[in-house]
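In: build the 3D model from these lines:
(chains A and B)
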Amino acid sequence: MSGMLSIYAFDELWNLANTVRYGLMALQHRGLQSYVVCSTGVDVECVEGSDIDVAKSASGHVAIASIHNYENEKTFTIQRSNEYSVAIVAERPWRRIDDFALDLVNVLKTSRNRVEAFTNALSNLQRDSEDVVPSLMVLTKDKEVFVWRSHNGFSPIALGSYGFDMAIAASESVAIDILGGDLKKFLRPGEGIYISRHMLKTFLVNQADAYNGLCLFEFLYLSRHDAIINNVSVYEFRKALGYDLGKYLDKEVDVVVGVPETALPYAIGFSSRVGKPFEVAFVATGGRRRSMLASNPFEKIVAIHLKMNPIRSSLEGKKVAIVDDSMVTGSTIKTVSQILRFRVGVREIHLFIASPPLIRSCPYNVMKLDMQNLLAANLSKELAKSYLEVDSLHWLSIEDVDRVARMFGLRFCGRCLGVNVIGGEEK
Amino acid sequence: MKVLIIGSGGREHAIAKLVRRSSLDPKIFVVMDYRNPGLEREAVETGGKWFVASTTSVGKVLEIANELSPDLIVIGPEEPQFAGVSDALREKGFTVFGASMRCAEIEKSKVFARTVMWKYNIDGRLYFKAFRDVEEARKFIEFAGDVVIKPARQAGGKGVKVLKDTQAYLSKDRSEVKRSYVDKLFTEMSSYRDIDYKIIVEQRVEGVEYTAMVITDGDYVLSLPLIQDHPHAFEYDIGPETGGMGSIQGPGWVLPFITFDEYRKTIEIVSKVLKALYMEIKEPYIGAFAGQMMLTGVWGPTVIEFYSRFGDPEISNLVPIVESDFLEILDRAAEKRLAGVKLEINEDVVTIVKAIAPAGYPDDKKLASNHPIYVDENRMRELGCEVLYASVELGSNNMMYTKGSRAFEIVCSGKDYEEAYRKSENAVQYVESLDGWPLFYRRDIGSRELLEDRIRVAKRVREVYMARASNGLLGKVLIWLPGEGVIENPLIGFVR
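Out: Now for the predicted structure:
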């Protein structure tokens, strides 16, 4: 899923190049393939590239930007017509993005009531059962920004401010922190915000009939530990899942370790439940890499290998409970178990996964996974244990996650787990 | 009793409404800069009269006062005080409620206010440095860190640049803005001939803001309930600084996020400042005085600035709750007989004030001016809310036009925040732009979400200041310059 960012400085004295750069850096863990930065000088311009230096193009006081993983799929556009122009960045690939941008160019060129024009254009998008409209950020030639969280937006959108000077909207709250801003609120499904030099207005456009919730992977994997989503601490949620997972321990273990680095809070929660020490087991080389987000299988395995140099002394000869946030193809766990067995020499490995088995591919293309690659959809538990060389294998059940989600007032899309929704009403 | 009110806006309309209820049979007379329909009506309905004249013109105001010989004159805004209107009227023997020119210096000059606080060692003071000369300011700003840049003179509650600078990686950009802003501000401030310092650079603090207003006769200090204003133009405390987009009060004397101890401490600070001011200028302070405060981790109650008058819109919150004879209180203050006076308020209600402004406010007055606007006062009254007329002018065609600032203040009260909030959200819809020009107000003011957020922030800073107090670090900001030692100076940035 993309990481989106909008910054509006109310004072024209600002040059946002560096601000956009560090804002994007704070969202970088969400995908490292491509950056897009759109800003307005005489006209709206977008610059795309694989280097964060594209942020240099945001030399004015208004900008929208995104980072994304998607190759050959459209997550941004810029459309011009009749001397007017509009740029859009989307949360995930959207095939109607160009058409919608053209619609917007036409209505915004002449409309006095900007918010109404925008909401009408959104409402006029013909319902198309194949198409689910993603969350959007829009920049117009008149230096206005629209930020809208779709009913089918699977990432949160956080709104923040910097002094009297800036409004900041981002897919993850950490971007607001890193820019020295204050987190103000999270957009609700269907809620949008319009920002211009003399106006800031929220609005509501409900496109779909049902709200499915956030993507579970936002909480499980994608967001940083220090992120806040819908006023819930990602770190605390991860610890709570790990704590719950501890109830499945039915063998004696000596230590608890987490697969770096996303799974560390889960392992901490697990350890506090089972009363066994949490140990640091692996040290990464070359900075943080998101192995799960790599689309090229070779790059993915390289990323995994670079993350996993073991600290032998903490594990050798021990019975190890290893905790991970999720298991998709199993390639990370296979690597880990091989390292633990052959390089370290542990006695037993008990594997605990802090989410239910992934058995369907994502219908919204958020996680690009084919059914045939999903371990849980293709291997029996016994076969999986043998392949992974673990002594036991445990998952959280859908009911477990549902209960924890309700405790935090969260609601998730559960399509990849075989259910529509997990959790209760969003707080 | 003949009462002459000097001033044109929402604050004066609130004063008029409070005065009108008096048992002293008030006849209200008004001198205003433009035809404020609300003030006009209060005058006419009480059997008084209204005059359109420059409220900062000593001569004009004197002339009208001489003609009327009022029993009491109430000066609403700060600018007539700065211009010496109160002094001239007192000299001619009138009974005047409103700070003298020299007393009002505490609002006019932020340098004077800060200097007094440091000289008399009053708690809640912030570090600052003031500049007369642009070159000197430019040089200083190169090395400035986490600071706020302000005009050194009161300039309509605007012009404050808060530049949080705690991230070295963004420090250069902020430096750039500081530099450009210093130049811009010097240019803007050069039109004020009545001050020597042009800009002031202050230590930045964060926390929750609130206003502590008092009435004083130079001796006795009568404190009013705490009120919280909302300076950001837009919802969720986003956007440019305004004179205040609305305010909340109650229930009772404190706000839900300020403790009684903090209230007492605040009033102690405000009273000490009044005493110090007397030591400095040897003139009694007669009128309203207010501390724009912030509860911070550095000090607990901390002074952001002072007003030599009632806060606007803060005074509007008092309209539904004051039970005492407000006119009598103002009169006794003006006659230096305030001692022993008690203010009775309805402690069981909360009040919410919401300002409605035309788009363009606060940064483009021209854009925000001359739009026809309408308010359905009857419907508002049915809801139990009151309308205060602020920056609106009655045209010769009897239509109302915006004057570029906040047009109306809508005052609603209720038994709790939920009720007052519901009423005020209903009431704002009865203001209408007649030419389609967009109006805006802040939906979030008085909402449960915002209140909860304030409580959270206050709790956090309370932890901090109490811990610092127990370590003897209250108010201190220490930095270590190797080779020079540990000094107190929070104004220096990452690059020294």
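In: that's a strand at A:S161, yeah?
Out: Yes. Counting by DSSP: H, G, I helix; E, B strand; the rest coil, one finds A:S161 located in a strand.
In: how close does it sit to chain B?
Out: 4 Å (Cβ to the nearest Cβ, to the nearest Å). Any C-beta I mention is one placed from the backbone N, CA and C, and that applies to glycine too.
In: same question, A:L379
Out: Per Cβ to the nearest Cβ, A:L379 is found 46 Å from chain B.
In: part of a strand, is A:A167?
Out: Yes. A:A167: assigned to a strand according to three-state DSSP.
In: what does the pLDDT read for B:D363?
Out: Note for B:D363: predicted pLDDT of 93.
In: list the residues that contact it.
Out: By Cβ atoms under 8 Å, 6 or more residues apart in numbering or on different chains, B:D363 lies in contact with A:10, A:197-198, B:240.
In: one more time with 10 Å, if that's ok
Out: By Cβ atoms under 10 Å, 6 or more residues apart in numbering or on different chains, B:D363 lies in contact with A:10-11, A:197-198, B:158, B:233, B:239-242.
In: also B:K336?
Out: Contacts of B:K336 (Cβ under 10 Å, 6+ apart): B:95, B:216-220, B:284, B:286.
In: tell me the secondary structure at it.
Out: coil.
In: quick one, phi psi at the residue sitting nearest the centre point of chain B?
Out: Taking Cα atoms, centre = their mean, the centroid of chain B lies closest to B:G311, which sits 3.6 Å from it. According to degrees, to the nearest 10, the main-chain angles of B:G311 amount to phi -70, psi 150.
In: contact partners for it?
Out: B:G311 sits in contact with B:11, B:157, B:211-213, B:224, B:227, B:229, B:243-244, B:247, B:288, B:290-292, B:317, where contact means Cβ under 10 Å, 6+ apart.
In: now, which of those residues sits nearest B:R193?
Out: B:G157 (20.5 Å; Cβ to Cβ).
In: so where's chain A shaky on pLDDT?
Out: A:32, A:129, A:207-209, A:287-295, A:427 (pLDDT under 70).
In: quick one: the helices in it?
Out: Assigned by DSSP state H, chain A shows helices spanning A:17-25, A:97-110, A:114-124, A:173-178, A:216-217, A:234-245, A:264-274, A:297-307, A:331-338, A:375-378, A:381-388, A:398-407.
In: distance from the fourth one to the middle of the chain?
Out: For helix A:173-178, the distance from its own C-alpha centre to the chain's C-alpha centre is 14 Å (Cα atoms, centre = their mean, to the nearest Å).
In: packing partners for it?
Out: strand A:3-9, helix A:17-25, strand A:158-162, strand A:166-170, strand A:182-186, strand A:228-229 (3 or more Cβ pairs under 10 Å, 6 or more residues apart in numbering or on different chains; DSSP states H and E).
In: returning to that earlier point: put together JSON lines for the helices of chain A, with distance to B:L367 and mean neighbour count on each row.
Out: Formatted as JSON lines, the helices of chain A follow (distance: least, Cβ to Cβ, whole Å; neighbours: other Cβ atoms under 10 Å in any protein chain shown):
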{"stretch": "helix A:17-25", "distance to B:L367": "27", "mean neighbour count": "23"}
{"stretch": "helix A:97-110", "distance to B:L367": "20", "mean neighbour count": "18"}
{"stretch": "helix A:114-124", "distance to B:L367": "15", "mean neighbour count": "17"}
{"stretch": "helix A:173-178", "distance to B:L367": "30", "mean neighbour count": "24"}
{"stretch": "helix A:216-217", "distance to B:L367": "46", "mean neighbour count": "26"}
{"stretch": "helix A:234-245", "distance to B:L367": "43", "mean neighbour count": "22"}
{"stretch": "helix A:264-274", "distance to B:L367": "50", "mean neighbour count": "24"}
{"stretch": "helix A:297-307", "distance to B:L367": "53", "mean neighbour count": "16"}
{"stretch": "helix A:331-338", "distance to B:L367": "58", "mean neighbour count": "20"}
{"stretch": "helix A:375-378", "distance to B:L367": "60", "mean neighbour count": "18"}
{"stretch": "helix A:381-388", "distance to B:L367": "66", "mean neighbour count": "14"}
{"stretch": "helix A:398-407", "distance to B:L367": "47", "mean neighbour count": "18"}
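In: so which of those helices gets nearest B:T266?
Out: Here helix A:173-178 is closest among the helices of chain A (Cβ to Cβ), at 30.8 Å.
In: now for A:D53, how many residues are close by?
Out: Using other Cβ atoms under 10 Å in any protein chain shown, A:D53 is surrounded by 13 other residues.
In: what's the distance between it and A:F186?
Out: 31 Å (Cβ to Cβ, to the nearest Å).
In: first to last residue in stretch B:307-325, what's the distance?
Out: Stretch B:307-325 has an end-to-end distance of 23 Å (Cα to Cα, to the nearest Å).
In: centre of the chain to it, how far?
Out: For stretch B:307-325, the distance to the chain centre is 11 Å (Cα atoms, centre = their mean).
In: residues contacting A:S34?
Out: Applying Cβ under 10 Å, 6+ apart, the residues near A:S34 are A:2, A:48-51, A:54, A:66-71, A:75-76.
In: narrow those residues to those in strands?
Out: A:48-49, A:66-68, A:76 (DSSP state E).
In: closest one to chain B out of those, please.
Out: A:I67 (17.9 Å; Cβ to the nearest Cβ).
In: give me the beta-bridge partners of the closest one?
Out: A:G3, A:Y35 (DSSP bridges).
In: that one: neighbour count?
Out: With other Cβ under 10 Å as criterion, A:I67 counts 26.
In: try the one 4 residues further on
Out: For A:E71, the number of neighbouring residues by other Cβ under 10 Å comes to 11.
In: also B:D376?
Out: Number of residues near B:D376 (other Cβ under 10 Å) recorded here: 14.
In: who's in contact with it?
Out: B:382, B:387, B:427, B:429-432.
In: circling back: among the contacts of B:K336, which ones are in strands?
Out: The strands, defined by DSSP E, take in B:T216 from the contacts of B:K336.
In: output the below-cut-off pLDDT ranges for the stretch 351-496 of chain B.
Out: For the stretch 351-496 of chain B (pLDDT under 70), the answer is B:494-496.
In: who does A:I78 bridge with?
Out: Beta-bridge partners, per DSSP bridges, of A:I78: A:A87.
In: can I assume B:Q154 is in contact with B:V160?
Out: No. If you go by Cβ atoms under 10 Å, B:Q154 and B:V160 don't touch, sitting 11.1 Å apart.
In: so for these two, which sits in the more crowded spot?
Out: Using other Cβ under 10 Å as the criterion, B:Q154 and B:V160 rank with B:Q154 on top: 25 against 18.
In: ok, that one to B:K365 distance?
Out: 17 Å.
In: for chain A, tell me which of the contacts of B:G311 show up nearby.
Out: Of the residues in the contacts of B:G311, proximity to chain A by Cβ under 10 Å from any Cβ of the partner chain holds for none.
In: state which one residue of the stretch 51-200 of chain B is found closest to chain A.
Out: Closest point on the stretch 51-200 of chain B to chain A, by Cβ to the nearest Cβ, is B:V162, at 3.8 Å.
In: shouldn't that residue be in contact with B:R204?
Out: Yes. With contact defined as Cβ under 10 Å, B:V162 reaches B:R204; the gap is 6.2 Å.
In: looking at these two, which one has more neighbours?
Out: Taking neighbours as other Cβ under 10 Å, B:V162 and B:R204 compare with B:R204 leading, 21 against 18.
In: stretch A:10-29 near chain B anywhere?
Out: Yes. Applying Cβ under 10 Å from any Cβ, one finds stretch A:10-29 in contact with chain B at A:10-19, A:21-23, A:25.
In: how about residue 9: what's its closest non-neighbour residue?
Out: Here I'm looking at chain A. A:H61 (4.0 Å; Cβ to Cβ, 6 or more residues apart in numbering or on different chains).
In: um, chain B though
Out: Distances taken as Cβ to Cβ, 6+ apart place B:A390 nearest to B:G9, at 4.8 Å, with adjacent residues excluded.
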